[in-house]
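Asks: sequence unavailable; structure follows:
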């Protein structure tokens, strides 16, 4: 399973755009990149998933360069409620494998 | 459509007692995964089950821990003779059949086990 590396923590202010980058140098051909969000005392919540280039949904955008060795989760105009831990995971979504979580990035949004 | 339901939300056990954690997957999901999370840490995989089968238990401690997902009823994570180090949040996730995880796994709200 590909290992991921992401910053331990980040601070931002309300209304700013936040970009969290994740490194996954050993990503395999069949691996997808998935991001989860976790609030205190809750289970992780799926945010976005992608394979290459750019994916956008109502919550975030995911940018993946051509070599796929990294990815960037972009949260537009964050609010205080976006304060959470964000996990980057890579894995073969069609293999039924379990997800492997790293330490995540603790995002603190300040007023 | 209810999400993944876990109960109890909080469980307190004395050392040496048994803990039983329950997980009902989302409707239509036949794959269940159990994870453990210690404070300030990421989730650690424990076991992956399908109905009546354990597919991968590589993350499960060899002793005192067991899991099942019967044909009828919820998945159960059982911890026998609990010790203080078992205190953690235990999360269950479910997914549809393999090949359909386009939208990721759905996690429950977890069971917080405290061993006193």
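Replies: It's in. No experiment lies behind these values; they were computed from the predicted model shown. Numbers count the residues shown, from 1 in each chain, chains lettered A, B, ... in the order given.
Asks: quick check: closest non-adjacent residue to the residue nearest in space to the middle of chain B.
Replies: For chain B, residue B:34 is the residue whose C-alpha lies nearest the centre (Cα atoms, centre = their mean; 3.4 Å). Residue nearest to residue B:34 in three dimensions, not counting chain neighbours: residue B:46, with 4.4 Å by Cβ to Cβ, 6 or more residues apart in numbering or on different chains. (Each C-beta comes from the backbone N, C-alpha and C, glycine too.)
Asks: and if you look at residue A:102?
Replies: Take residue A:102 and drop its neighbours on the chain: the residue closest to it by Cβ to Cβ, 6+ apart is residue A:4, 5.0 Å away.
Asks: so that neighbour makes contact with residue A:24?
Replies: Yes - in this structure, residue A:4 is within contact of residue A:24 by Cβ atoms under 8 Å, at 4.9 Å.
Asks: which neighbours do the two share?
Replies: Common neighbours of residue A:4 and residue A:24, counting by Cβ atoms under 8 Å, 6 or more residues apart in numbering or on different chains, are A:88, A:90.
Asks: re earlier: now for the residue nearest to residue B:34, how many residues are close by?
Replies: By other Cβ atoms under 10 Å in any protein chain shown, the residues close to residue B:46 number 22.
Asks: which element is it on?
Replies: strand B:43-50 (DSSP states H and E).
Asks: what does that strand rub up against?
Replies: Against strand B:43-50 from outside (Cβ under 8 Å, 6+ apart): A:44, A:87, A:96-101, B:30-38, B:54-60, B:65, B:67-69, B:75, B:77, B:91.
Asks: what is the burial count for the residue nearest to residue B:116 when sequence neighbours are not counted?
Replies: Once flanking residues are discounted, residue B:116 sits nearest to residue B:14: 5.8 Å by Cβ to Cβ, 6+ apart. Number of residues near residue B:14 (other Cβ under 10 Å) recorded here: 8.
Asks: please, where are all the strands along chain B?
Replies: For chain B, the strands defined by DSSP state E cover B:5-7, B:10-13, B:19-24, B:31-37, B:43-50, B:53-56, B:65-68, B:75-79, B:88-95, B:106-107, B:111-115.
Asks: how about residue 33: which residues does it bridge to?
Replies: No chain in the question, so chain A it is. Beta-bridge pairing for residue A:33 (DSSP bridges): residue A:50, residue A:90.
Asks: meant chain B, my bad for not saying
Replies: Legend: beta-bridge partners of residue B:33 under DSSP bridges are residue B:48, residue B:93.
Asks: in contact with the nearest residue to residue B:7 once chain neighbours are set aside, which residues?
Replies: The shortest distance from residue B:7 to any non-neighbouring residue, by Cβ to Cβ, 6+ apart, is to residue B:22 (5.3 Å). With contacts defined as Cβ under 8 Å, 6+ apart, residue B:22 is in contact with B:6-8, B:74-76.
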